[in-house]
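# Build me a model:
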Amino acid sequence: MTIEERKGLSTSIIQNLVLENRGKLSISGVLDVLSFDDQVVIVETELGLLTIKGEDLRINKLSIDTSEVVVEGEISCMNYSDKETEKKGGSLLGKIFK
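Got it, this is the predicted structure:
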């Protein structure tokens with residue numbers, strides 16, 4: 001998705017990411033938690049897939065009512081990707097032969 005396409009997205013979607021001291025990440029607008037372990041948490045949000053990487057990660061709060069997730073641990077990386085990109089070419093071979 002290009003920058004121009006992202007600007008054309010509906011502005012009614014509001015998502016907040018609040019990172020406190022690289023140890024606590026509060027995320028709003030979460031649709032689903034796709035996978036998690038102590039090094040990687042993958043959440044589906046209204047704006048795409050969000051991958052959080054770090055050490056000793058744990059989900060401390062998961063609220064379906066408010067669409068909030070709180071991840072705690074040593075957070076080193078956060079990365080957004082489009083839902084379509086993950087489904088089409090999410091594998092290493094898919095990225096190589098793109």
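
# Now do the strands for the protein: every range, in order, please.
Using DSSP state E, the strands of the chain run over residues 17-20, 24-28, 30-36, 40-45, 48-63, 68-81.

# So which residue is dead centre in the chain?
With distances taken as Cα atoms, centre = their mean, residue 50 lies nearest the centre of the chain, 1.5 Å away.

# mind listing what it touches?
17, 27, 42, 43, 44, 78, 79, 80 (Cβ atoms under 8 Å, 6 or more residues apart in numbering). Bear in mind the C-beta positions are built from the backbone N, C-alpha and C, glycine included.

# swap the cut-off to 10 Å and go again
15, 17, 25, 27, 29-30, 34, 41-44, 69, 71, 78-81 (Cβ atoms under 10 Å, 6 or more residues apart in numbering).

# could you flag which of those are buried?
Burial by neighbour count, judged by 16 or more other Cβ atoms under 10 Å, picks out 25, 27, 29, 30, 41, 42, 43, 44, 69, 71, 78 from the contacts of residue 50.

# Cool, thanks, signing off.
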